[in-house]
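Enquirer: I would like to see how this sequence folds:
(2 chains)
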2 protein chains.
Amino acid sequence: MRIISTNDIEYIAMGSTVLGTGGGGDPYIGKLLAKEAIHKYGDVKLVAAEELNDDALILPIAAFGAPMILVEKLFSGEEFIKAFEMMESYLGRKIDAVMPAEAGGLNGVLPFSVAAQKQIPLVDADGMGRAFPRLEMVTFTLHGITVSPITQADEKGNRNVYHTIDNTWGETLVGATAIQMGGSCAIGCYPMSGAQVKKAAVHGIVSYAQVLGEAIIDAKEKNVNPLDSLIQKADAIKLFTGKISNITIKTEGRWNKGVCEIMGLDENQDSEMILEFQNEFLIAKKDGIPVAITPDLIVLIDAENAQPITAETIQYGTRVVVLAMKANEQWRTPAGIELGGPQKFGYEYEYVPVEELNKKK
Amino acid sequence: MRIISTNDIEYIAMGSTVLGTGGGGDPYIGKLLAKEAIHKYGDVKLVAAEELNDDALILPIAAFGAPMILVEKLFSGEEFIKAFEMMESYLGRKIDAVMPAEAGGLNGVLPFSVAAQKQIPLVDADGMGRAFPRLEMVTFTLHGITVSPITQADEKGNRNVYHTIDNTWGETLVGATAIQMGGSCAIGCYPMSGAQVKKAAVHGIVSYAQVLGEAIIDAKEKNVNPLDSLIQKADAIKLFTGKISNITIKTEGRWNKGVCEIMGLDENQDSEMILEFQNEFLIAKKDGIPVAITPDLIVLIDAENAQPITAETIQYGTRVVVLAMKANEQWRTPAGIELGGPQKFGYEYEYVPVEELNKKK
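Expert: Reported below is the predicted structural model:
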């Protein structure tokens, strides 16, 4: 157990953007809500999965919607409290701790606001170890944990409870109403026991986000290069250096889909990189050949300040570095590849681990 | 109170199709489910609104979806029981009687299946006195009764509870998920007290449907003309006689929208009638001039057998008679016209009562 203050939230938010791999929503709003709640209600206890009682009740909390809208449409913060309280009332039981469903992007920091206000711990774990665009794409699904009941609240006061027959139906139905609600809402989902968290979650991911954030933010005062520092802490592979030469993006349902083209610079002078994304970057191709494939993480970094860039904020002409990080081991199993691999997104490529794709020849 | 047997269901189903004014879904499936349940569990007590205890809990039950799909996609019947039981469990209270939300179309007979299986009475009342295409278009709304909580179940096993901020949001959110569920689902909505039913519902509508059904079905054995018999019992105005000359129909969300053109015959030899519909017939125009306007009822009758025709089954060349019936008085108030009148559907016409539009000059 350790105490998380507003200062830590800055680092965690930065690291969450790295883990967002271009999606997950910009954490800015989540950071503000988390810091405001901590300021008002006090610091939050971050507990390791191993510290949980097996019969504790843990609730993953998340903002759910299109990343583009999550940035533009403000949350009041009360939606998340409402989703939390609906779950307590529906299950007729006190919730012992909250957890991020997704440590990448907005959802990496937002649950701190609920933990602070409810004065309960936040578990240092999530269901992705990154961001993914669909509700069923969590390691919980790989362990047979059901998404339902799902509680849903919007800023207008609508509040619903879903009991879906499987986790994909959770995405389908909550996705349909989220669009009607203006593109975003708060959800409580995958309520589970401490024992289930220990078995099914990606452990230590909040602390890992903080380590990545520190690597970037503290580099200057430590007189080290922030990009080198991030690459080292993330055990990342540097895929490409270049300049954004084209960007196409469209909103389809609750997804931002698009292609980002990067013209090579320096050591990649005569090459081109293409990043394809559906909220998150899913495929990185160098001169037509895949060099990183989902579920491995593809991270776009602004070369000026070493900060991660989300897909919806990519700007023509920006100098960038593309990094790749290994996905959590759970995603690299056959079931994990089926749930979060390239074919799940309609690509014909087979998944090959990023370190094999980039083996020095 | 009177007892409803399978024989009565035939009449009520026929009358419900008249009250469906072209929408509400063909009652065929509802009739089968109701008859099967009565056969298995026994006859159903039909009670008048006045007979209810003021503090009784009454649940309107309905099939919700696109009429075209309600005809093609079969219900198991269990969805309705599930929606009923979810409401009991959610409210923590036994439901004393069910009621049709809408006496027009499928929903006029379907609730009998729940009443039979649950061995509780069905209230001789509804929230429309006809069919309407949106969940908030009920007389209950005119009395400030809220649609929430709404329970929703589909044949796959998904089951949700909605708490929306107003009745229009009920339509929006349940409509969005119903489409995802394949276009139809079962709902429990507008749970209300006996006192509220007495004040807000359209009374006696199930018995009225039966009277209309008898007028058509029993005419032959009484040696009377079924059309004349229906016109008399419905206090209907005969608007037009003709032959279907064109029909355009498209599905938009959960609505069938379209236009039906009728070429005049006999006394209407040189005239043309246009019926515009959004599930239900909303405007009847004779040679370009409105002669019946929602919320008044427009009923398309097959001239061969005097049976009502639903919009999705209109066929080129059919000889038809168009009737109009006065809407319930609640729909003819300023608030009623605002909720169910022509401008609610995007027409620029002002509502004028059908008897004024067709005054003998």
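Enquirer: C-alpha from now on. contacts and neighbour counts both.
Expert: Noted.
Enquirer: Help me confirm that residue A:258 is found in a helix?
Expert: No: the assignment for residue A:258 is strand, going by DSSP: H, G, I helix; E, B strand; the rest coil, so no helix is present there.
Enquirer: Kindly state the pLDDT recorded for the closest residue in space to it that isn't next to it in sequence?
Expert: Leaving aside its sequence neighbours, residue A:258 sits nearest to residue A:249 (CA to CA, 6 or more residues apart in numbering or on different chains; 4.2 Å). Note for residue A:249: predicted pLDDT of 91.
Enquirer: quick one: contacts for residue A:76?
Expert: Counting by CA atoms under 8 Å, 6 or more residues apart in numbering or on different chains, residue A:76 touches residue A:155.
Enquirer: Kindly provide the distance from it to residue A:82.
Expert: Going from residue A:76 to residue A:82 by CA to CA, to the nearest Å gives 11 Å.
Enquirer: List the residues that contact residue A:177.
Expert: By CA under 8 Å, 6+ apart, the neighbours of residue A:177 are B:173, B:176-177.
Enquirer: And residue A:321, by the same measure?
Expert: A:238-242, A:300-303.
Enquirer: at 7 Å instead, please
Expert: A:240-242, A:300-303 (CA atoms under 7 Å, 6 or more residues apart in numbering or on different chains).
Enquirer: from those residues, which is closest to chain B?
Expert: The nearest member of those to chain B, counting by CA to the nearest CA, is residue A:300 at 34.7 Å.
Enquirer: Could you count how many residues lie near the closest one?
Expert: 26 (other CA atoms under 10 Å in any protein chain shown).
Enquirer: ok, residue A:131 - how many residues close by?
Expert: 32.
Enquirer: quick revisit: of all the contacts of residue A:321, which two lie farthest apart?
Expert: With CA to CA as the measure, no two of the contacts of residue A:321 lie farther apart than A:240 and A:302, at 12.0 Å.
Enquirer: So between the two, which is more surrounded?
Expert: Between residue A:240 and residue A:302, residue A:240 has the larger neighbour count (other CA under 10 Å), namely 27 against 18.
Enquirer: give me the beta-bridge partners of the more buried one?
Expert: As for beta bridges, residue A:240 partners with residue A:322 under DSSP bridges.
Enquirer: Tell me who's in contact with it.
Expert: Contacts of residue A:240 (CA under 7 Å, 6+ apart): A:268, A:321-322.
Enquirer: Kindly confirm my reading that residue A:59 is in a strand.
Expert: Yes: under three-state DSSP, residue A:59 sits within a strand.
Enquirer: what's the distance between it and chain B?
Expert: Shown here: residue A:59 relative to chain B, a distance of 19 Å by CA to the nearest CA, to the nearest Å.
Enquirer: Please apply the same query to residue A:219.
Expert: 48 Å.
Enquirer: Can you tell me the closest non-neighbouring residue to the residue of the stretch 251-361 of chain A found nearest chain B?
Expert: Nearest residue of the stretch 251-361 of chain A to chain B, counting by CA to the nearest CA: residue A:253, 12.3 Å away. Excluding the flanking residues, the one nearest residue A:253 by CA to CA, 6+ apart is residue A:179, at 7.2 Å.
Enquirer: Find the helix or strand that that neighbour is a member of.
Expert: Using DSSP states H and E, residue A:179 sits within helix A:167-180.
Enquirer: How about residue A:277?
Expert: strand A:272-278.
Enquirer: what separates the next helix or strand along the chain from that strand from the chain centre, distance-wise?
Expert: Next in sequence after strand A:272-278, counting helices and strands by DSSP H and E, comes strand A:280-286. Its chain's C-alpha centre and that of strand A:280-286 lie 16 Å apart, by CA atoms, centre = their mean, to the nearest Å.
Enquirer: for strand A:280-286, packing partners?
Expert: strand A:272-278, strand A:289-293 (3 or more CA pairs under 7 Å, 6 or more residues apart in numbering or on different chains; DSSP states H and E).
Enquirer: And the average pLDDT for stretch A:199-219 is what?
Expert: The model assigns stretch A:199-219 a mean pLDDT of 98.
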